[in-house]
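J.: structure for the following, please:
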Amino acid sequence: MKAFQVIRYGKKEKLVLSEIQEPIPKDNEVLVQVHASAINLLDSLIKNGDFKLFLPYKTPFTNGHDLAGIITKVGANVTQFKVGDEVYARPSDFHTGTFAQSIVVNQNDLAMKPKNITMEEAASIPLVGLTSWQALVEISNLKKGQKVFIQAGSGGVGTFAIQLAKHLGAFVATTTSETNVEMVKGLGADLVIDYKKEDFSTLLKDYDVVLHSNRENTILKKSLSILKHGGVLVSLTGPPTADFAKKIGMGWHFQILMKLLSFSVNQLAKKLKVHFEFLFMKADGKQLSEITKLIEAGKIKPMIDRVYTFEETNEAMLYVEAGRSKGKVVVKMI
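T.: I've put the predicted structure just below:
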């Protein structure tokens, strides 16, 4: 079968279309024929080698973290799914590789695809949907009437998180450029800030939750300053913390390193009487099943910018790396 693989780490390296053996599912796994995948910035960071400390994949390996497709084989102990089921997933770390014609996935990472959307739309959901769920539901416990600030509202996570926060009953403020203002308002954002013209930290105060996705340290500090006492900032860009290192099983020396990296932000959070959390989302079929219900109920709709062919996977990654996509970029296999 064909797969786009990382042969060498590097920012200038491209994925290589390779011929590899079709994988065989183990007892708790299924084999999925991939109909569509989606591009995430994580794919580029892994290809570049930026995440080798956390995710030391040995080359060559197949890249890609989102899929929608049909089950073609099941392992001996699979009880939740059968051949022919339409499913979607963000497979667990070290079991990724969705830029391929087929992939084996643990049944615990899978969910049934929402019946009311296409394969391309379904492939756009898992990573951004689970990230938003884990940030706003699992960590923040966002409730009706609370205020949340979601950065980059027109991006993949932003477009999903705005809809989820509105479903939960929160007041949503977000940032975007002038050209995307109407789009994020259409998703439900209550307050839209043009980040090129206005400083959000002068407009927002006493927020309960911030979903932080900017890499500039000054933005991180400003984001902490708009929280009320007891509020929580969930960062998708770091710095990673010692607790994160411990959760993923890193050794004590890495835990100390992460503690040092996050020392200043944790000290600032303590001074402001707020909480700082680093989120690196995890695969979770049960949470994805909850997301399926919201999509089938019409509470959340996929937002797709462009659809590329399988052969155009490298072009799709370059488009996402340019940072101009609105919603998700999808690769269609079938």
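J.: wouldn't residue 81 be in contact with residue 87 here?
T.: Yes: between residue 81 and residue 87 there is a contact at 6.6 Å, judged by Cβ atoms under 8 Å. Yep, even glycine has a C-beta here, placed from its N, CA and C like the rest.
J.: pick out whichever of the two has more residues nearby.
T.: For residue 81 versus residue 87, neighbours defined as other Cβ atoms under 10 Å are more numerous around residue 87 (24 against 19).
J.: measure residue 136 to residue 56 for me?
T.: To residue 56, residue 136 is 30 Å away according to Cβ to Cβ, to the nearest Å.
J.: looking at these two, which is more packed in?
T.: Of the pair residue 136 and residue 56, residue 136 is the one with more neighbours under other Cβ under 10 Å, namely 24 against 9.
J.: how much space separates that one from residue 47?
T.: Here the distance between residue 136 and residue 47 works out to 29 Å (Cβ to Cβ).
J.: give me the helices and strands touching the biggest strand by length in the chain, please.
T.: Of all the elements of type strand in the chain, the one with the most residues (DSSP state E) is strand 29-39. For strand 29-39, the helices and strands in contact under the criterion 3 or more Cβ pairs under 8 Å, 6 or more residues apart in numbering; DSSP states H and E are strand 67-74, strand 86-89, strand 102-106, helix 119-123, helix 313-321, strand 328-332.
J.: residue ranges of the strands in the stretch 201-334 of the chain, please?
T.: The residue ranges that make up the strands of the stretch 201-334 of the chain, judged by DSSP state E, counting those that start in this stretch, are 207-212, 227-235, 275-278, 304-309, 328-332.
J.: most neighbours per residue, which of the ones you listed?
T.: Ranked by average neighbour count under the criterion mean count of other Cβ atoms under 10 Å, these are headed by strand 207-212 at a mean of 26.
J.: re the thing from before, CSV for the helices and strands packed on strand 29-39, including mean pLDDT and distance to residue 154?
T.: Conversion of the helices and strands packed on strand 29-39 to CSV gives the following (pLDDT from 0 to 100; distance: least, Cβ to Cβ, whole Å):
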stretch, mean pLDDT, distance to residue 154
strand 67-74, 98, 23
strand 86-89, 98, 23
strand 102-106, 98, 30
helix 119-123, 98, 17
helix 313-321, 97, 13
strand 328-332, 98, 11
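J.: can you list those in CSV and add distance to residue 142?
T.: What follows is the helices and strands packed on strand 29-39, written out as CSV (distance: least, Cβ to Cβ, whole Å):
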stretch, distance to residue 142
strand 67-74, 27
strand 86-89, 24
strand 102-106, 29
helix 119-123, 25
helix 313-321, 27
strand 328-332, 22
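J.: and the helices in the protein?
T.: Along the chain, the segments classed as helices by DSSP state H run 41-48, 119-123, 126-133, 156-167, 181-187, 217-225, 242-247, 252-261, 263-272, 285-296, 313-321.
J.: quick one: closest of those helices to residue 106.
T.: Across these, the minimum distance to residue 106, taken as Cβ to Cβ, is reached by helix 285-296, at 8.3 Å.
J.: which residue, other than its chain neighbours, is closest to the residue located most distally from the centre of the chain?
T.: In the chain, the greatest distance from the average C-alpha position (Cα atoms, centre = their mean) is reached by residue 76, at 30.7 Å. Setting aside the residues directly before and after it, residue 76 is nearest to residue 27 in space (Cβ to Cβ, 6 or more residues apart in numbering), at 4.7 Å.
J.: cool, residue 298 as well?
T.: Excluding its sequence neighbours, the residue lying closest to residue 298 (Cβ to Cβ, 6+ apart) is residue 116, at 7.8 Å.
J.: what sits in contact with each of residue 81 and residue 87?
T.: Counting by Cβ atoms under 8 Å, 6 or more residues apart in numbering, the common neighbours of residue 81 and residue 87 are 30, 71, 110.
J.: need the contact list for the second one.
T.: The reference is to residue 71. Counted by Cβ under 8 Å, 6+ apart, residue 71 has contacts 30, 31, 32, 33, 81, 82, 83, 84, 85, 87.
J.: just to revisit the earlier point, any chance of the strands of the stretch 201-334 of the chain in TSV, with distance to residue 149 too?
T.: TSV is the format used below for the strands of the stretch 201-334 of the chain (distance: least, Cβ to Cβ, whole Å):
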stretch	distance to residue 149
strand 207-212	5
strand 227-235	9
strand 275-278	14
strand 304-309	23
strand 328-332	22
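J.: brilliant, that's me finished.
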